[in-house]
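Engineer: Please find the sequence and the predicted model below.
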Amino acid sequence: MKPAVQAVRSGAGDEGVRTLIALIDELIVVVSEENAELAKGLPASRSKQLDDKNRLAGLFEQRVAECAARTASLDVQDQMLREQLMERILNLRLAMDENLMRLRAAIEASNRRIEAVMQAIREQIASVSPYGSGGRRATRAMSCGTNVQA
């Protein structure tokens, strides 16, 4: 675990906020990398940032839950530090909004690919099958003889 992430759990006051900002910065970088990969048209499931994103998002979620439960404090004395925190949170929100949009697009593209493959399979089966949709023979039966003389 990175030192900044450890300090988020135990830090309080300005130092806790600095480590939270570091965590948010890491999360923004990972989400932005994933967004760039998704923008190239890669499937969502192949995202190499997925594990890092989930780990960092879990830590961020835990920190927010601690603040909501008042077991941790984000009291910031430094006005500039408070503004940095708010800016990072806004940047994270923007990156996550883009991530959500790109993930939805990737899922829709995957669904279209799957449907295209399934349609091709159905068409191939239909073109070689002697039976129609009603279960009856669609083509006349053919007979092939084995009595071939050389």
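Structural biologist: Here it is on my side, so go on. Numbering: from 1, shown residues only.

Engineer: drop to CA atoms for contacts and neighbour counts, all remaining ones
Structural biologist: OK.

Engineer: Show me what whichever helix in the chain runs longest is packed up against.
Structural biologist: Secondary structure of the chain per DSSP state H: the longest helix is helix 79-128. Of the remaining helices and strands, those touching helix 79-128 by 3 or more Cα pairs under 8 Å, 6 or more residues apart in numbering; DSSP states H and E are helix 13-39.

Engineer: Hmm, Ser110 is touching Leu42, no?
Structural biologist: No: at 9.3 Å, Ser110 does not count as touching Leu42 under the criterion of Cα atoms under 8 Å.

Engineer: Counting neighbours, what do you get for Arg82?
Structural biologist: Applying other Cα atoms under 10 Å, we find 18 other residues in the vicinity of Arg82.

Engineer: Please name the residues that touch it.
Structural biologist: Val76 (Cα atoms under 8 Å, 6 or more residues apart in numbering).

Engineer: Likewise for Ser127?
Structural biologist: Taking Cα under 8 Å, 6+ apart as the test, Ser127 contacts no residue whatsoever.

Engineer: how much does the longest helix of the chain deviate in direction from helix 13-39?
Structural biologist: Angle between the axes of helix 79-128 and helix 13-39 is 30 degrees (criterion: axes from the mean of the first three to the mean of the last three Cα atoms, to 10 degrees).

Engineer: can you give me the offset of helix 79-128 from its chain's centre?
Structural biologist: 7 Å (Cα atoms, centre = their mean, to the nearest Å).

Engineer: Let me see the mean pLDDT of that helix.
Structural biologist: For helix 79-128, mean pLDDT rounds to 90.

Engineer: Adjust the sequence numbering to begin at 7 for everything that follows.
Structural biologist: OK, 7 is where the count begins now, so the last one is helix 85-134.
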